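S.K.: Can you look at this prediction? I've put the sequence above it.
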Amino acid sequence: MYQVKRKAGMKTIRIPQKVLVLLAVSLWPYSSYSEVVNGSTDNASASAYTWVMKNILPAQTGLTIEGVYHKYTITKDTNSNAIVSITNENVNGTGYIYEYTDNWDNLPSNTKFKYDPIASSLGVLWGKGEIKVIGDGTLSDVNIRYQYRFDTCFIPLSDPTCPDFRNALYQYLIDNDLLNNEPSIDDPYYNEWVKLQLEQTAEEEDKLDVAEEEQEEEKEEKLTMQDLFSVEGLTKKLSDPFEQVKMLQKMASLEKLEGYYDVVIQGGEYNDTIKLVDGSIKDNFSVLRNLSQSKVHEEMINMQYNK
């Protein structure tokens, strides 16, 4: 479970190990870009004169068809009538989404090739394709190709490198009521949701750090100004003779010193009990003996180190 806890002005984030592995890939630095791809299909009529569009077009959302290239050889009698028809059915209705015809009435056999540019239309609307002869004639060496175009970031959520990926993810979270609620770990955008939470947490912490730094700077500046004014005020007083007199008067005020020297401590008299007889002090020879013993003891100790 993803958790964000704030303690002493900071947030602690707990994320499952599985998600951390996913984030190791999804959070790797990348460049944001969107690529528009232009391409052409293989020969749609390579195996038959009818074909299914989803089998030849790339499976790209938002793919559009921009034109149709065709080449074929028709074999017929010059005096016969024939029409070559190239069509694609309309998936969302009846009729054709694309239709092209060549009239070969009273014309000899020949080879035809042409690129037919069309108004851009979604490839998913293009149904079964076909090339056929109406009248007398046969086809050979047929080649039908479709020119297509698609944007790799047509769906921004399909790739984190898309420029609008973050906005699309944000909208996805809002639409699915996940902006303030944790999605299931099986959600396809769970790791991206965690990434968004981490980014928001980092932004909040940066704002808090900036605010704290500004407060500290204001405090330091305030203290500095106070100290400056205090020194300037003291210097001004010391340079003014009248101010000096006032300061000395305050220091010599008896009212403030009375509490210290007016206190009387009750006590008695301490009489000495030691008396000096005959006015002389005799030497204590026992102390000298102790000193000699101390010297012997010191010599014994030094003998250990002399060895």
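M.R.: On my side now, so go ahead.
S.K.: Which parts of the stretch 101-250 of the chain are helices?
M.R.: Counting by DSSP state H, counting those that start in this stretch, one finds helices in the stretch 101-250 of the chain at the ranges 165-175, 190-239, 241-251.
S.K.: rank these by pLDDT, which is bottom?
M.R.: Among the helices of the stretch 101-250 of the chain, helix 190-239 carries the lowest mean pLDDT, a mean of 67.
S.K.: immediately after the helix or strand of the chain with the lowest mean pLDDT, which helix or strand?
M.R.: Lowest on mean pLDDT, DSSP states H and E among the helices and strands of the chain sits helix 17-26, with a mean of 39. As assigned by DSSP states H and E, the chain's next helix or strand after helix 17-26 is strand 36-40.
S.K.: For that next one, which outside residues touch it?
M.R.: 58, 60, 66, 69, 145-152 (Cβ atoms under 8 Å, 6 or more residues apart in numbering). Any C-beta I mention is one placed from the backbone N, CA and C, and that applies to glycine too.
S.K.: hmm, 10 Å instead?
M.R.: Strand 36-40 has contacts (Cβ atoms under 10 Å, 6 or more residues apart in numbering) with 57-58, 60, 63, 66-67, 69, 145-154.
S.K.: what are the bridge partners for residue 39, then?
M.R.: In this entry, residue 39 is beta-bridged to residue 148, by DSSP bridges.
S.K.: Could you report the neighbour count for it?
M.R.: Around residue 39 there are 14 other residues, counting by other Cβ atoms under 10 Å.
S.K.: re earlier: just the buried members of the contacts of strand 36-40?
M.R.: 57, 60, 63, 66-67, 69, 145-153 (16 or more other Cβ atoms under 10 Å).
S.K.: between these, which is nearest residue 82?
M.R.: Checking these against residue 82 with Cβ to Cβ, the nearest one is residue 69 at 21.3 Å.
S.K.: surely the closest one meets residue 41?
M.R.: Yes. Using Cβ atoms under 10 Å, residue 69 is in contact with residue 41, at 9.4 Å.
S.K.: quick one: common contacting residues for the two?
M.R.: 144-147.
S.K.: Quick check: the gap between residue 163 and residue 152.
M.R.: Using Cβ to Cβ, to the nearest Å, residue 163 is found at 11 Å from residue 152.
S.K.: now swap in residue 92 and tell me
M.R.: Distance from residue 92 to residue 152, by Cβ to Cβ: 25 Å.
S.K.: right, and residue 149 touches residue 64 too?
M.R.: Yes. At 5.3 Å, residue 149 counts as touching residue 64 under the criterion of Cβ under 10 Å.
S.K.: and residue 52, how many residues sit next to it?
M.R.: 11.
S.K.: Equivalent analysis for residue 78, please.
M.R.: There are 9 residues near residue 78, going by other Cβ under 10 Å.
S.K.: Report the contact partners of the residue nearest to it when sequence neighbours are not counted.
M.R.: Using Cβ to Cβ, 6 or more residues apart in numbering and skipping the chain neighbours, the partner closest in space to residue 78 is residue 108 (4.5 Å). Neighbour list for residue 108: 74-79 [criterion: Cβ under 10 Å, 6+ apart].
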